[in-house]
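Student: next come a sequence and a model predicted from it.
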Amino acid sequence: MNDDNHYRPYTHLSTLGGCCCGNHSSQAAHDSQAARVAGADDQDKRSRDFIEAAAVKALFPHEPTRRTFLKAVGVTTAMSAIAAVLPIPAMQAMAAEAGQLEKKDLKIGFIPINCATPLIMADPMGFYKEQGLNVSLQKTAGWALVRDNMLNSALDAAHMLAPMPLAITMGLGSQATPMRVAEIQNTNGQALTLAMKHKDNRDPKNWKGMKFAIPFEFSMHNFLLRYYLAEHGIDPDQDVQLRVTPPAEMIANLRAGNIDGFLGPDPFNQRAVYDSVGFIHLLSKEIWNGHPCCSFGVSDGFVKQNPNTFAALYRAILNASAAAGKPENLPEIAKVISTRNYLNQPEIVIRQALDGRYADGLGQVHRDPDRARFDPMPWYSMATWMLGQMKRWGYIKQDVDYKALAEQVFLMTDARRHMAELSLAGADAEPVSGYRTFDVMGKTYDASQTAAYVDSFAIKRG
């Protein structure tokens, strides 16, 4: 204990309360103090100072009493008296140990697509380092490899398709391993792209016999394409072919005529336009505006073994998502993530898919700022909808408690807490329950009626 504490708890001239943070007599005093604290290079000392000041405030919750006591006995006597009743050094040591990062060097996997924007930009733009993390981003060729690398602990965390953690937790397509969705990396941001030869074949009812690529079975791309086709009377398992194709190979397959189209992630929809091999038939938001696509996933074991590291990682990704959600940042972000070590795509292709001012391949330029969004909240009802579609199409054979699984895998309560701590918009978004209703192609989905919703479709398996 000494008297060089930034918060000055041992002087009767300071006030531990009265401003937006509760530590100053006025907002002006707060701003002055904040500037002084920000000037300190030693973050550990700042943490110790805060704990000491908080302890003194707890001992003297009545501010006038603290000031009167300090004025009467002086700093030296006051510090000795307080030290006799409060083990402040021990409290500081405990807090330092509790907040210490268990693991600073992390490997995080990503597929080179726009959906991973927050996770990718957090590296070159310093969001990881801000939290004391040394992150190595691992560019990965396909989703099956991402899954396998997560299961064998070659990756600490990963950019994952939103349905993947649900499927892995249930053991669908892999060994059952509990996974967690910390946040949704992006909403919307996908499109259904067709080969140029189909520019006059826009009615899905005429698509029998066509071949479509999707990036992975447990993907929103698969479920949205199936939904769209079925709503037009096309059975996705009998009337067309769906081929799992890595996103980076979709353009080549479209150009070669191996597929007629794909529902896939950007930037490849925009790249098909850029290369004049395809056109954008519709954006995925036209099927479900606000749908999730990718998520930031970790294993349950990582969370339990590295709680402080996970919290730091959570903060970094949430801050990056907030920055990506501001239109004025998108030109810089597009430039940063378009480079060879990340997406390796023309900057203009990345930017058009991010900011929504884009050419559709048929001679039209569109302006749709909602083409891609970065709303991080992992709503439980997003999870139950995806589980319902897995059930609809026969991926889930057994009965499932949709809500219980959604609340196990999607960390919505944690997301709210971290967003509130970071003062991010959306932390208090309604409904508090986490079960939002939404419309998919004009049909309202209510998570409390998932089983009935699944049964209501004319085209389904089982």
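Tutor: Everything's here; your move.
Student: how many residues are close by Ser276?
Tutor: The tally of other residues near Ser276 (other C-beta atoms under 10 Å) stands at 10. From N, CA and C alone the C-beta is placed, and that goes for glycine too.
Student: what comes up buried for stretch 363-380?
Tutor: For stretch 363-380, a neighbour-count test (16 or more other C-beta atoms under 10 Å) marks 371-380 as buried.
Student: what is the end-to-end distance of it?
Tutor: End-to-end distance of stretch 363-380 (C-alpha to C-alpha, to the nearest Å): 40 Å.
Student: just how off-centre is it within its chain?
Tutor: Its chain's C-alpha centre and that of stretch 363-380 lie 14 Å apart, by C-alpha atoms, centre = their mean, to the nearest Å.
Student: also stretch 403-419?
Tutor: 12 Å.
Student: again, but for stretch 306-313
Tutor: Counting by C-alpha atoms, centre = their mean, stretch 306-313 comes out at 15 Å from the chain centroid.
Student: and that stretch, C-alpha only, in PDB?
Tutor: Output of stretch 306-313 as PDB, limited to C-alpha atoms (Å, rounded to 0.1, in the frame of the first residue of the first chain):
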ATOM      1  CA  ASN A 306      -9.200 -21.400 -19.800                       C
ATOM      2  CA  PRO A 307     -12.000 -19.100 -18.400                       C
ATOM      3  CA  ASN A 308     -10.000 -15.900 -18.400                       C
ATOM      4  CA  THR A 309      -8.500 -16.500 -21.800                       C
ATOM      5  CA  PHE A 310     -12.000 -17.300 -23.100                       C
ATOM      6  CA  ALA A 311     -13.300 -14.100 -21.600                       C
ATOM      7  CA  ALA A 312     -10.500 -12.100 -23.200                       C
ATOM      8  CA  LEU A 313     -11.100 -13.800 -26.600                       C
END
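Student: for it, what is the average pLDDT?
Tutor: For stretch 306-313, mean pLDDT is 97.
Student: what lies in contact with that stretch?
Tutor: Outside stretch 306-313, the residues within contact range by C-beta atoms under 8 Å, 6 or more residues apart in numbering are 98-104, 106, 128, 131-133, 157, 182, 298, 302-303, 418.
Student: just the buried ones out of those residues, please.
Tutor: By neighbour count, with 16+ other C-beta under 10 Å, the contacts of stretch 306-313 hold 101, 103, 106, 128, 131, 133, 157, 182, 298, 302-303, 418 as buried.
Student: where does the stretch 201-350 of the chain dip in pLDDT?
Tutor: Applying pLDDT under 70 to the stretch 201-350 of the chain flags no residue at all.
Student: can you show me the helices along it?
Tutor: For the stretch 201-350 of the chain, helices defined by DSSP state H, counting those that start in this stretch occupy the ranges 220-231, 250-256, 268-274, 300-305, 307-324, 330-337, 347-355.
Student: wait, which of those is closest to Ser153?
Tutor: helix 300-305 (8.3 Å; C-beta to C-beta).
Student: quick check: which helices or strands does that closest one pack against?
Tutor: Packed against helix 300-305 by the contact rule (3 or more C-beta pairs under 8 Å, 6 or more residues apart in numbering; DSSP states H and E) you find strand 179-184.
Student: just the strands in the stretch 151-300 of the chain please.
Tutor: Using DSSP state E, counting those that start in this stretch, the strands assigned to the stretch 151-300 of the chain run over residues 157-161, 179-184, 187-188, 190-195, 211-214, 241-244, 261-265, 278-283, 294-299.
Student: give me the three-state assignment for the residue sitting furthest away from the middle of the chain.
Tutor: Most distant residue from the mean C-alpha position of the chain: Ala72, 53.3 Å away (C-alpha atoms, centre = their mean). Assigned by DSSP: H, G, I helix; E, B strand; the rest coil, the conformation of Ala72 is helix.
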